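A.B. asks: Just the structure for this:
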Amino acid sequence: MINKFLTFLFGLNRWTKRTIQVAVDIVLITFSYLLAMMLRLDGIWFAAYPARWTVLLLVIPLSILLFARIGFYRAVIRYIGGQALLTIGTGILVSAAMMLVLSQLLGLQVPRSVPAIYAFIAFILIGGVRFLLRALYFQQRAKLNDNVLIYGAGESGRQLLNALKQGAEYQPVAFIDDAKELHGIEVGGIPVSGPNQIGDLIQKYGVKAILLALPSAPVSARKAIISRLEPFQVQVRTIPGMRDLVSGKADIGDLQTVKPEDLLGRDPIPPNQQLLSANITGKTVLVSGAGGSIGSELCRQILAQQPTRLVLLEVSEYALYRIQDELEAYKKAEQIEIAPVLGSVQNHNRIETILKRFKVDTIYHAAAYKHVPLVEQNVVEGIRNNIFGTETIVKAAIAAQVSSFILISTDKAVRPTNIMGATKRIAELICQAHANQSNKTRFSMVRFGNVLGSSGSVIPRFQRQIDKGGPVTVTHPEINRYFMTIPEAAQLVIQAGAMAKGGEVFVLDMGEPVKIVDLAQRMIRLQGLKPIIAEDVQYTHKQGEIEITFTGLRIGEKLYEELLIGENPTPTSHERIMCAQERFLPLEDLNLLLKALFDACAAYDLPKIRDILQDAQTDYQPNDAIGDVIWLQSKKG
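C.D. replies: Have a look, this model is predicted:
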């Protein structure tokens, strides 16, 4: 009955609720005055004196006008806090003062102590009714909300608690904190417990989620905490990172699913500022593929190093518009020119014109077709873009006397089993061969594995599949991959390029490889769900379970990725950048290879293309039949 009444009351429109508040305040003012007179005069006999009612008739309208003036009726009862007590106290004291002044000026026979007693009673009643309604509202709402734990009882945790109290989704029941000195105390009205009590709290309160309030914690610490929380079948969510909170891009209450870097990332190493700025500060820098995952992050980090001009080369109009719009808003110095240029790296005249007109000093060549199955299905275009596009921009860089050229390569170039990997290895050979020639351009290559959150990454796909209730599809139970965050990869690419003397293949330390099925299981568990690997038996879906199915390796897909062709990489001055010692082709031999490959592409001779790639020094060993969709269509007749 009470719940229905409260639901009805809080569901009224603002004007009706204010009218009710005014009516209730009139009743409470009247009652407070009567009670004050009874306590002072030991009875109700004072009612026989009309003059003593006159002061009440004067005080009520004046008090209501005063209350309205100072904001009594602007405050939403469910959100009032400690500041409201000061406003209420101020209003009551002024009301009591008016009662005293009026009674004395008009000779209304009201004892001088009555206004003081009235003030005390009215403060308790008028303030008490509001806070009682607030408490009843939150008590009612708590029954409908999911009980949650907040991990982190620091400043961010307290801010999150306050934000959740204003919302209508979660009901915090306890803090969890690693600091033993906080255990057993209360913060914001809820207790603080240690991590070893998480299981008991989940069982006691029926906790549905654990919210991480650790925006500034190192990645390694967050990973350890998340690993500790995985066995509990509850959802794990987190507040935004400190950068987004400080910049205003996100609010403390904007809860998110656990980010990929929280699962797989590592603590970044402070960059060498001299290396970061060497090829960028005060120079004209061009990024090809500027709208892609790596290209766009390179642009962000390059802009922070204050180049004179940043040229964005991109074949996709939408991708170019998006990154230019972002960078124009991001740049801090007006003197930095951002030049958006539409164009393909295969167009030699346009590329050479761009490099010469803008007097480009440094090129980061990130433009490439990188999705393995798509390149398998579009072999000729993959070769033209990744191989001949690289040759085009390399020759244009030499003609324009660009100082530094850095190729963004991939671990799939190492003993490739697919066309994409083979094309990237030949792109490396092109840079290596020209680096051995006498020219003013310093060439280097940077090789690394998968980056978290890139287009086509398994993590966004897994998240979409989990959100839909499964199944989560993994190609093979043993497949593994190296992972690195996009910001770390871009930062290391810039530093590696600055180390180059000419012809080096730099390899980034990617850490340990991760089994993809293990990653899928972790993501499912952190959603508060149970992963089920469906095998040969008939699977019956149950509530709270997500099926993992194995679909088989995709065309051209490799089970294990590698980063090195040779052995014993040479360390550099940066602990996460190594220099590979690898063979390469002389320019004369490379040109013969490229001529044969060009002719095979022109003839659309896919078997010939395969033979050329296998005979080249790429270690290319395809593990599937030809998958090019046009070639297959031609075979159908």
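
A.B. asks: Where do the helices of the stretch 151-300 of the chain begin and end?
C.D. replies: Using DSSP state H, counting those that start in this stretch, the helices of the stretch 151-300 of the chain run over 155-166, 198-205, 219-229, 242-247, 260-264, 273-278, 293-304.

A.B. asks: According to the record, where do the domains of this structure fall?
C.D. replies: The record's domain split for the chain, according to automatic domain parsing, is 2-141, 145-258, 273-450+483-510+562-615.

A.B. asks: Okay, helices next: where are they in the stretch 301-450 of the chain?
C.D. replies: In the stretch 301-450 of the chain, the helices defined using DSSP H, counting those that start in this stretch lie at 317-330, 348-357, 372-377, 379-383, 389-399, 419-435.

A.B. asks: contacts for the fifth one?
C.D. replies: Which is helix 389-399. Identification of contacts with helix 389-399 by Cβ atoms under 8 Å, 6 or more residues apart in numbering yields 288, 344-348, 351-352, 355-356, 360, 363, 365, 367-368, 405, 407, 427, 430-431, 434, 439-441, 443, 594. No exception for glycine: its C-beta is placed from N, CA and C like everyone else's.

A.B. asks: about what we covered before: and of the domains of the chain, who's closest to residue 465?
C.D. replies: For residue 465, the closest of the domains of the chain is domain 145-258, at 13.3 Å, according to Cβ to Cβ.

A.B. asks: re the thing from before, return the most buried member of the domains of the chain.
C.D. replies: When the domains of the chain are scored by mean count of other Cβ atoms under 10 Å, the highest mean neighbour count falls to domain 273-450+483-510+562-615 (a mean of 20).

A.B. asks: and that one, how far from the chain's centre?
C.D. replies: Taking Cα atoms, centre = their mean, to the nearest Å, one finds domain 273-450+483-510+562-615 lying 27 Å from the centre of the chain it belongs to.

A.B. asks: okay, how far is it across that domain, tip to tip?
C.D. replies: Using Cα to Cα, to the nearest Å, the gap from the first to the last residue of domain 273-450+483-510+562-615 comes to 43 Å.

A.B. asks: Let me know the average pLDDT across it.
C.D. replies: On average, the pLDDT along domain 273-450+483-510+562-615 is 91.

A.B. asks: before we move on, back to that, by mean pLDDT, show me the worst of the helices of the stretch 151-300 of the chain.
C.D. replies: Across the helices of the stretch 151-300 of the chain, the lowest-scoring stretch is helix 242-247, with a mean of 51.

A.B. asks: I figured residue 582 hits residue 506, correct?
C.D. replies: No. When contacts are counted by Cβ atoms under 8 Å, residue 582 is not listed as touching residue 506 (11.2 Å).

A.B. asks: Next one: the spatially closest residue to residue 377 that is not a sequence neighbour from residue 97, what distance?
C.D. replies: The spatially closest residue to residue 377, leaving aside those adjacent along the chain, is residue 629, at 4.8 Å (Cβ to Cβ, 6 or more residues apart in numbering). Using Cβ to Cβ, to the nearest Å, we find residue 629 at a distance of 87 Å from residue 97.

A.B. asks: With residue 227 instead?
C.D. replies: For residue 227, the distance to residue 97 equals 63 Å [Cβ to Cβ].

A.B. asks: residue contacts, residue 344?
C.D. replies: Residue 344 is in contact with 315, 350, 385, 389, counting by Cβ under 8 Å, 6+ apart.
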